[in-house]
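Chemist: sequence and predicted structure below; questions after.
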Amino acid sequence: MNTTDRVVGNGTTGPVVDEPAVHAEVSAAFARYEAALLAGDHAVLDESFWASPATVRFGIADHQQGIDELRAWRATQGPLDGRNIQNTRITTFGTGTAVVTTLFRYPGRPVVGRQSQTWVRMPAGWRIVSAHVSEISTEIDPRS
């Protein structure tokens, strides 16, 4: 059995889920990304994504396929003043993959935003390989 595997609930082997050190690394990478969003720090935001033509980001009213499209779109975006996140969940799988989900809101807007990201450990560090952002106009229970 690989050191990143263990026996899971159904008796099969699988990756260790939420190993504390890996969870802490992804939490730090996500916090850095979120701070860059609020500040409009394009360098950190660009660095946070995998520099590949296979990178995908689905936004609220946009879509980028590949790092070049993503960087070009990001260059037109400003800081996200007033963004508040809640119910962030980070789940790690083994030492190299993680999924981050969070809800977000902006003051005075009657919508709830939803964001999900798949992070993968690359030689240069944790990078987002796929991201999805959407909004819904109804209130949802932040615990769900």
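Modeler: Nice, I can see it. Residues are numbered from 1 along each chain as shown.
Chemist: can you show me the helices along the protein?
Modeler: 20-39, 42-48, 67-74 (DSSP state H).
Chemist: what does the shortest one rub up against?
Modeler: If I follow you right, that is helix 42-48. Residues outside helix 42-48 that contact it (C-beta atoms under 8 Å, 6 or more residues apart in numbering) are 29, 32-33, 35-37, 67, 70-71, 74-75, 77, 127-128. For glycine as for every other residue, the C-beta is placed from the backbone atoms N, C-alpha and C.
Chemist: avg pLDDT for it?
Modeler: Mean per-residue pLDDT for helix 42-48: 97.
Chemist: just the buried positions in it, please.
Modeler: 45, 48 (16 or more other C-beta atoms under 10 Å).
Chemist: sorry, back to before: got the helices of the chain as a markdown table, with distance to residue 92 columns?
Modeler: Formatted as a markdown table, the helices of the chain follow (distance: least, C-beta to C-beta, whole Å):
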| stretch | distance to residue 92 |
| --- | --- |
| helix 20-39 | 5 |
| helix 42-48 | 17 |
| helix 67-74 | 24 |
